[in-house]
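Peer 1: I'll drop the sequence and a predicted model, then ask my questions.
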Number of protein chains: 2
Amino acid sequence: MEQVSANIAFGGVEGVYKHASTSTATEMTFSVFVPPHAEGAKLPVVWYLSGLTCTHANVTEKGEFRRACAELGLMLVAPDTSPRGDGVPDDVNGAYDFGLGAGFYVDATETPFNTNYRMWTYITEELPALIADNFPADMGRQSIMGHSMGGHGALTVALRHPDRFRSVSAFSPIVAPTQVPWGQKALRGYLGQDTATWDSHDAVALIKSGARVGEILVDQGAADPFLAEQLKPDLLAAACDAAGIALTLNIHPGYDHSYYFISTFMTEHLRWHAERLSRA
Amino acid sequence: MEQVSANIAFGGVEGVYKHASTSTATEMTFSVFVPPHAEGAKLPVVWYLSGLTCTHANVTEKGEFRRACAELGLMLVAPDTSPRGDGVPDDVNGAYDFGLGAGFYVDATETPFNTNYRMWTYITEELPALIADNFPADMGRQSIMGHSMGGHGALTVALRHPDRFRSVSAFSPIVAPTQVPWGQKALRGYLGQDTATWDSHDAVALIKSGARVGEILVDQGAADPFLAEQLKPDLLAAACDAAGIALTLNIHPGYDHSYYFISTFMTEHLRWHAERLSRA
C-alpha cells in the first residue's frame, strides 16, 4: 500500500492510498479519514460506497463528512467504484452506467469483465483486510453507507453480512436493480442472462428471500431526476414493511441527486451510525 | 444575468450564474448561496475571494460553508479569479500565477491585460451592483474573506473600503505582494515597472500609509509550502501592531494550503463575521 497524499483536516488526516489489488488485478485507489484520537485507540469504521461515475475523490472532496467524523471519532473509508487502468474493459459505447466507474459492487462472471470487475470481493474481503492491517480500525465496530449505486452496494453488502455491520444507511439508493434499467443493464453485463443469479445483488429481493438487518436509514431527494425510473424507494419500503425491518425513509422536497443533497444530510447519517457504533 | 445551475442544500439554494461583464469585457461566472430565510428578508452578505488557479467552483464544492451560512443566515458570494474566454490574454508561458486564474484583484494598466483584467472594478463595483439588484442582499451588512491571492484581495478591498465591510478575514493570505515573488510578478505584469503604483494593492503597504480596519482575522497553516516565501504573515502582524489594528493570527501546526485546511476553519470564520454583521 502506498500513500498518494495526506492532508490534515479537522484535527485528523485525510489520506489517499493505492495498492495492487488481487481481487481486481489492477491498482486500486481509496481514501481514509482518520479522526483525531488517543494514541493506541481503535476507531469505529464507516464505509462509504459511491455512485455511478464517481471515484473515491467525489465524497472525499464534496461529502462534508470530516467535521462530524472528527467530533464522533469515526474513520471513514471511501473506495473507488470500479477497477481502472489500461486493459480494463469498459462499456462498448463508453456509457457512464456500465464498466469504468460503474462496478455495481458485484463479482462479474461474464467475459471480458470477470477478470477485473470483482468489486464484491474487493469491498467485502480484500479492502477490509487492508484497512485492518494498516489503520487504527476497530473491525468489531463497522457501519456502511452509500449513494445511489453505492447505496445499492451498502444495502446488499449489509444484508449479506448482518453480523459485520452495526448499521446501514443510504442516500438515494438503487434498491431493486433487477427491476430498473441501470441495474438490469449492469447485472446482465456482469452476471449474464440468467436472472436467477441477480437476486443476491438486489436489496429488495434479498429481503424478500429472508435476508435481514435490524433497521435502515434512507434519505432521498424528491426532485431527484432518477427517483421514479431508477431508485424506487417505495419498493424498499414495501419489502421492509413486509419483513418487519424498521426503515426510516426521509423524502426531502426540492433536493436532487447531487453532493449538495448528500452533504446536507451527511452529518445526520454519521450521528445515526455513531449512536449505533457506540452501543455496547 | 443567467442562472447556470441551482441546487438545494442545507435548506437554501446554491446557484451559479453568468453575465456579460462590462468591467472585464468577458462573460463572468460566480456562485451565490442564499440560505433559508423569511419571505422578503434582506440577508447579510459575505464575499469569498479565491486563490490562484481557482474559479468560483473550488470553494463552492469544497469550502464546507453552507451549513454555517444556513445556521447564521448569511449569503455567500464566490466570484471567479480572472476574466476568461477566447481572446483573453494569458501568461506568455501559461504559468499558473499570472493571467487566467490569477487576476490578483487589480485593474491592469499594462497592455495587453488592461482590456480584460479589471478585477478590482468587477469585485468592488460591478458585481456588488448585480448582487444588490438580483438577490435578497442587505448591502448595508457586508463582510469579506478570501484565501491566498483571495486573502490579498479581501484585505486590500476591505482596507480601501473601510465603511463598506463590517469585518475582514483571510486564510493563508498574501499580505505583502510587493515583497514576494507571486505578487511582484503579478503587479509588474498588470501595473507595470513603476512600483509606486503597486502599494495600493499591498495590504501591508496600505496599513503603513494609513489605511485602517478595526480588526483582522487570519488563519494560517504552519505546514503551508508557500508560507515562508509568498505569504509572510509576520509582515502583516508587524504592520497591524504598529498601526493598532487588532489582528488575530492563528497558526495551525500540520495544516497546509488546501481546502482541507480552509474547510476546517470555515465555520469559525463565518461565525466571526456573523457576530460582527449582527451588531446594530
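Peer 2: Arrived safely, thanks for sending.

Peer 1: quick one: the helices in chain A, in order.
Peer 2: Taking DSSP state H as the criterion, chain A carries its helices at A:56-62, A:66-72, A:119-121, A:127-134, A:149-160, A:181-191, A:203-208, A:233-243, A:259-277.

Peer 1: closest to chain B out of those helices?
Peer 2: Each of the helices of chain A was scored for nearness to chain B using CB to the nearest CB, and the closest is helix A:259-277 (3.8 Å). The way it works is simple: take the backbone N, C-alpha and C, and place the C-beta from them, glycine included.

Peer 1: count the neighbours of the closest residue to residue A:162 other than its chain neighbours for me.
Peer 2: Leaving aside its chain neighbours, residue A:162 sits nearest to residue A:213 (5.5 Å; criterion: CB to CB, 6 or more residues apart in numbering or on different chains). If you count neighbours by other CB atoms under 10 Å in any protein chain shown, residue A:213 ends up with 23.

Peer 1: and of the helices of chain A, who's closest to residue A:89?
Peer 2: For residue A:89, the closest of the helices of chain A is helix A:181-191, at 10.0 Å, according to CB to CB.

Peer 1: tell me what angle the closest one forms with helix A:149-160.
Peer 2: 60 degrees (axes from the mean of the first three to the mean of the last three CA atoms, to 10 degrees).

Peer 1: picking that back up, just send the helices of chain A back as JSON lines, with mean neighbour count and distance to chain B too.
Peer 2: Below are these laid out as JSON lines (neighbours: other CB atoms under 10 Å in any protein chain shown; distance: least, CB to the nearest CB, whole Å):
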{"stretch": "helix A:56-62", "mean neighbour count": "21", "distance to chain B": "5"}
{"stretch": "helix A:66-72", "mean neighbour count": "21", "distance to chain B": "7"}
{"stretch": "helix A:119-121", "mean neighbour count": "22", "distance to chain B": "26"}
{"stretch": "helix A:127-134", "mean neighbour count": "16", "distance to chain B": "20"}
{"stretch": "helix A:149-160", "mean neighbour count": "28", "distance to chain B": "19"}
{"stretch": "helix A:181-191", "mean neighbour count": "20", "distance to chain B": "22"}
{"stretch": "helix A:203-208", "mean neighbour count": "23", "distance to chain B": "26"}
{"stretch": "helix A:233-243", "mean neighbour count": "18", "distance to chain B": "18"}
{"stretch": "helix A:259-277", "mean neighbour count": "21", "distance to chain B": "4"}
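
Peer 1: closest to residue B:150 out of these?
Peer 2: Smallest distance to residue B:150 across the helices of chain A (CB to CB): 18.7 Å, for helix A:56-62.

Peer 1: need the helices of chain A in CSV with mean pLDDT, can you?
Peer 2: Formatted as CSV, these follow (pLDDT from 0 to 100):
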stretch, mean pLDDT
helix A:56-62, 98
helix A:66-72, 98
helix A:119-121, 98
helix A:127-134, 98
helix A:149-160, 98
helix A:181-191, 98
helix A:203-208, 98
helix A:233-243, 98
helix A:259-277, 98
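
Peer 1: closest one to residue B:174 among these?
Peer 2: Nearest of the helices of chain A (CB to CB): helix A:56-62, 24.2 Å.

Peer 1: what is that closest one packed up against?
Peer 2: Contacts defined by 3 or more CB pairs under 8 Å, 6 or more residues apart in numbering or on different chains; DSSP states H and E place helix A:56-62 against strand A:12-20, strand A:27-34, strand A:75-79, helix A:259-277, helix B:56-62.

Peer 1: got the contact list for it?
Peer 2: Applying CB atoms under 8 Å, 6 or more residues apart in numbering or on different chains, the external contacts of helix A:56-62 come out as A:14, A:16, A:29-31, A:33, A:48, A:50, A:65, A:78-80, A:147, A:259, A:262-263, B:61-62, B:259.

Peer 1: just the C-alphas of it, formatted as CSV.
Peer 2: C-alpha atoms of helix A:56-62 as CSV (Å, rounded to 0.1, in the frame of the first residue of the first chain):
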residue,chain,number,x,y,z
HIS,A,56,-13.0,7.9,-4.0
ALA,A,57,-12.5,11.7,-4.7
ASN,A,58,-16.1,12.8,-5.0
VAL,A,59,-17.2,12.2,-1.5
THR,A,60,-13.7,13.0,-0.2
GLU,A,61,-13.9,16.5,-1.6
LYS,A,62,-17.6,17.2,-1.5
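
Peer 1: got a list of what the nearest residue to residue A:192 once chain neighbours are set aside touches?
Peer 2: Nearest residue to residue A:192, sequence neighbours excluded (CB to CB, 6+ apart): residue A:110, at 5.0 Å. Taking CB under 8 Å, 6+ apart, we find residue A:110 in contact with A:189-192.

Peer 1: hang on, the earlier thing: wait, isn't the residue nearest to residue A:162 in contact with residue A:168?
Peer 2: Yes. Residue A:213 is within contact range of residue A:168, at 5.7 Å (criterion: CB atoms under 8 Å).

Peer 1: burial of residue A:176, as a residue count?
Peer 2: A count of nearby residues for residue A:176, using other CB under 10 Å, gives 24.

Peer 1: so how far is residue A:198 from it?
Peer 2: Distance, residue A:176 to residue A:198, using CB to CB, to the nearest Å: 10 Å.

Peer 1: between these two, which contacts overlap?
Peer 2: A:183, A:205.

Peer 1: for chain A, give me the ranges with low pLDDT.
Peer 2: For chain A, no stretch has pLDDT under 70.

Peer 1: for it, longest strand please?
Peer 2: Longest strand of chain A, by residue count under DSSP state E: strand A:137-147.

Peer 1: now tell me what touches it from outside.
Peer 2: A:42-51, A:54, A:59, A:75, A:128, A:131-132, A:151-155, A:157-158, A:164-173, A:262, A:269, A:273, A:276-277.

Peer 1: pipe the helices of chain A into TSV and attach distance to residue B:84 per row.
Peer 2: Listed next are the helices of chain A as TSV, based on distance: least, CB to CB, whole Å:
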stretch	distance to residue B:84
helix A:56-62	22
helix A:66-72	31
helix A:119-121	39
helix A:127-134	40
helix A:149-160	34
helix A:181-191	36
helix A:203-208	45
helix A:233-243	41
helix A:259-277	24
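
Peer 1: so for residue B:6, which of the ones you listed sits nearest?
Peer 2: For these, the distance to residue B:6 is smallest for helix A:259-277, at 9.6 Å, taking CB to CB.

Peer 1: the closest one vs strand A:75-79, what angle?
Peer 2: For helix A:259-277 against strand A:75-79, the angle by the same axes, to 10 degrees is 130 degrees.

Peer 1: and helix A:259-277, how far from the chain's centre?
Peer 2: In terms of CA atoms, centre = their mean, to the nearest Å, the centre of helix A:259-277 is set 14 Å apart from its chain centre.

Peer 1: so that helix versus strand A:137-147, what angle?
Peer 2: Going by the same axes, to 10 degrees, helix A:259-277 makes 140 degrees with strand A:137-147.

Peer 1: list the contacts for the closest residue to residue A:198 other than its chain neighbours?
Peer 2: For residue A:198, ignoring the flanking residues on the chain, the nearest one in space by CB to CB, 6+ apart is residue A:187 at 4.3 Å. Counting by CB under 8 Å, 6+ apart, residue A:187 makes contact with A:104, A:106, A:177-178, A:195, A:198, A:201.

Peer 1: how about those in JSON lines, adding neighbour count and distance to residue A:249?
Peer 2: What follows is the contacts of residue A:187, written out as JSON lines (neighbours: other CB atoms under 10 Å in any protein chain shown; distance: CB to CB, whole Å):
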{"residue": "A:104", "neighbour count": "29", "distance to residue A:249": "22"}
{"residue": "A:106", "neighbour count": "25", "distance to residue A:249": "25"}
{"residue": "A:177", "neighbour count": "27", "distance to residue A:249": "18"}
{"residue": "A:178", "neighbour count": "15", "distance to residue A:249": "20"}
{"residue": "A:195", "neighbour count": "13", "distance to residue A:249": "27"}
{"residue": "A:198", "neighbour count": "22", "distance to residue A:249": "24"}
{"residue": "A:201", "neighbour count": "25", "distance to residue A:249": "21"}
